[in-house]
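Student: Kindly return the folded structure for what I paste below:
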Amino acid sequence: MINRSSLPMEIARHILLLAGAAIILLPFLYMVSVSFKAPYEIIDNSGGFFGAQIPMLDELCSITAKDVADCMMMPALHNYYKALIENPLPRYLFNGIVVTASIFFIQVIIALPCAYALAKLKFWGRDFVFAMVLFCLLVPVHAIGIPLYLMLAKIGLLNSYAALVIPWTISVFGIFLMRQFFMTVPDDLVDAARMDGMSEFTIVWRVMAPTAVPALIAFAIFSVVAHWNDYFWPRIVVTSNQNLFTPPLGIREFRNGIDGNQFGPLMATATIIVIPMVVAFLLAQRRFIEGITLSGMK
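Tutor: Presented below is the predicted three-dimensional model:
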């Protein structure tokens with residue numbers, strides 16, 4: 001039961017939370033709304049949230065057969081048709097899946113043994129190594145962009161999947177997060193596994209990894225969202241092969257292709273790109289919160 005003296009504070013807290021949620025959600029809701037509307041509804045800010053959904057048979061349609069066929073469509077269908085069918089958005093989405101999945105898979109393979117060593121093994125210089133991990137967390141990605149680019153150019157990996165994946169296969173954040181989680185695992189569990197004859201490498205994958213599922217899901221959300229939405233690095237290393245464009249690069253090309261004046265298809269493209277991340281987070285929300293909470297406990 002809430003104390004009466006604390007009721008005003010609770011109300012104020014909920015008002016602030018609702019205001020913050022509204023500030024975050026309004027741009028996304030506006031994006032979805034625009035993706036359903038006809039051009040004149042976007043300009044006039046009319047039609048409600050979903051638009052009138054009336055075929056666009058007006059002066060905006062040209063006399064060519066193709067454009068007349070487009071104008072016979074409902075605005076929502078027209079926008080998503082142009083986003084998915086008339087443009088290579090499916091290819092961009094496929095590239096995004098390949099890149100983000102590859103990065104996360106390799107990050108996990110590297111991060112788990114490193115985190116286990118920092119959490120459960122005693123060796124000379126362990127604290128210094130962990131301090132260097134913390135220091136690397138402070139280094140912005142942009143600071144190492146030029147050296148990474150020059151290295152990839154020297155070995156001829158520009159305009160390839162390797163250029164999009166290799167620089168991010170070692171995640172110091174992943175090592176830090178998993179190390180913090182492994183610190184919560186009782187040492188008795190590790191000692192019991194050693195008494196059963198397991199090697200340290202086997203303990204990582206057969207004992208520690210199954211217990212770290214919540215932390216892995218939390219790390220997956222951070223990693224996948226960061227690299228799915230990354231525009232900076234793909235824009236640098238993929239310049240001459242459009243078939244390797246990731247979703248953010250696809251939005252840029254799509255906007256250029258329609259001269260920036262058809263905001264309905266543009267917002268439909270953005271909506272399609274955002275939906276997988278929203279669905280993934282909603283499905284993993286409980287595990288995500290659990291992983292973040294447990295990783296901070298000792």
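Student: Okay, and the residue lying closest to V204 once chain neighbours are set aside sits in which element?
Tutor: Among residues not flanking V204 along the chain, Y116 sits closest, at 4.8 Å (Cβ to Cβ, 6 or more residues apart in numbering). All C-beta spots, glycine's among them, are computed from the backbone N, C-alpha and C. Using DSSP states H and E, Y116 sits in helix 89-120.
Student: Would you tell me what the next helix or strand after that helix is?
Tutor: Once the chain leaves helix 89-120, the next helix or strand it forms, by DSSP H and E, is helix 126-137.
Student: contacting residues for the most centrally placed residue in the chain?
Tutor: The residue lying closest to the centre of the chain (Cα atoms, centre = their mean) is V225, at 1.1 Å. V225 makes contacts with 277, 281, as judged by Cβ atoms under 8 Å, 6 or more residues apart in numbering.
Student: Could you report the distance from it to L121?
Tutor: From V225 across to L121, the span is 31 Å (Cβ to Cβ, to the nearest Å).
Student: What of G156?
Tutor: For G156 relative to L121 (Cβ to Cβ), the value is 38 Å.
Student: Using the record's assignment, carve this structure into domains.
Tutor: Using automatic domain parsing, the domain parsing of the chain gives 4-84, 89-295.
Student: next SSE after the lowest-mean-pLDDT helix or strand in the chain?
Tutor: Least confident helix or strand, the chain: helix 65-71 with a mean of 52, by mean pLDDT, DSSP states H and E. Moving toward the C-terminus from helix 65-71, the next helix or strand (DSSP H and E) is helix 75-84.
Student: same question for the helix holding Y116, mean pLDDT?
Tutor: Taken as a whole, helix 89-120 has an average pLDDT of 93.
Student: What helices and strands are in contact with it?
Tutor: helix 126-137, helix 161-165, helix 172-182, helix 200-203, helix 213-228, helix 247-257, helix 263-283 (3 or more Cβ pairs under 8 Å, 6 or more residues apart in numbering; DSSP states H and E).
Student: Just give me the lowest mean pLDDT stretch among these.
Tutor: Of all the helices and strands packed on helix 89-120, the minimum mean pLDDT falls on helix 247-257 (a mean of 73).
Student: now the helices and strands packed on helix 89-120 as CSV including distance to V98?
Tutor: Output for the helices and strands packed on helix 89-120, formatted as CSV (distance: least, Cβ to Cβ, whole Å):
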stretch, distance to V98
helix 126-137, 26
helix 161-165, 7
helix 172-182, 19
helix 200-203, 28
helix 213-228, 11
helix 247-257, 12
helix 263-283, 13
